[in-house]
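**Q** Next input, structure requested:
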Amino acid sequence: MRLALFEPDIPQNAGALLRLAACFAVAVDVIEPCGFVFDDRRLKRAALDYAALAAVRRHFSWSAFVAAQRPASRLVLLTTTGDAALPRFAFTPNDTLLLGRESAGVPQFVHAAAAARVAIPLAPGARSLNVALAGAIALYEALRQTGGLPAA
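**A** Numbers count the residues shown, from 1 in each chain. Alright, predicted model coming up:
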């Protein structure tokens, strides 16, 4: 299981996701360009000392990310326009959960590249969750389904 951040633009959210990934022993792919310098103090503040524990691979473009994907990996895009609801989606241990930019999501070519597009059901009138919260909810569910949660 992996997390992938598509051109993140808020360092605090990226830092929170790095911390999340470190706590669950999940690798992270950061697809650049980022909307901040990757060593931003706000990124470090949100990640705390967990950033050093996170397995992070930076890709300088979408095409570099795609080229580095493992053949068995399935790209699962988390999106408000997803056609599969998170509670009914069946994850696999080789999935890469892709999160879009906070300001704009992902472009159409990224939607097209995803093997699945998953939405987290929200109350009527709610548009979206913070990307770090959405990542946490989806990653936990994916790890729960696949038996990948750390032992208690």
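**Q** Could you count how many residues lie near L86?
**A** Counted with other Cβ atoms under 10 Å, the neighbours of L86 add up to 17. All C-beta spots, glycine's among them, are computed from the backbone N, C-alpha and C.
**Q** Next SSE downstream of the lowest-mean-pLDDT helix or strand in the chain?
**A** Within the chain, no helix or strand scores below helix 41-47, which has a mean of 68 by mean pLDDT, DSSP states H and E. Next helix or strand after helix 41-47 toward the C-terminus (DSSP states H and E): strand 56-59.
**Q** Tell me how far that next one lies from the chain's centre.
**A** 12 Å (Cα atoms, centre = their mean, to the nearest Å).
**Q** What average pLDDT does it get?
**A** Confidence for strand 56-59, expressed as mean pLDDT, is 92.
**Q** elements contacting that strand?
**A** When contacts are defined as 3 or more Cβ pairs under 8 Å, 6 or more residues apart in numbering; DSSP states H and E, strand 56-59 packs onto strand 27-31, helix 62-68.
**Q** Could you list the buried residues of it?
**A** V56, H59 (16 or more other Cβ atoms under 10 Å).
**Q** would you put the C-alpha positions of that strand in CSV?
**A** Extracted in CSV, the C-alpha atoms of strand 56-59 (Å, rounded to 0.1, in the frame of the first residue of the first chain):
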residue,chain,number,x,y,z
VAL,A,56,9.2,9.2,0.7
ARG,A,57,9.9,9.0,-3.0
ARG,A,58,9.8,12.3,-4.9
HIS,A,59,8.9,12.4,-8.6
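**Q** Make residue 1 into 348 and carry on from there
**A** Yep, numbering from 348; the last one is strand 403-406 now.
**Q** Touching it from outside, list them.
**A** With contact meaning Cβ atoms under 8 Å, 6 or more residues apart in numbering, strand 403-406 is reached by L365, A374, V375, D376, V377, I378, E379, F385, F412, A415.
**Q** Just checking: what are the partner strands of that strand?
**A** strand 374-378 (parallel) (DSSP bridges).
**Q** how many other residues sit next to the nearest residue to A466 once chain neighbours are set aside?
**A** Leaving aside its chain neighbours, A466 sits nearest to G429 (3.4 Å; criterion: Cβ to Cβ, 6 or more residues apart in numbering). Residues near G429, counting by other Cβ under 10 Å, number 19.
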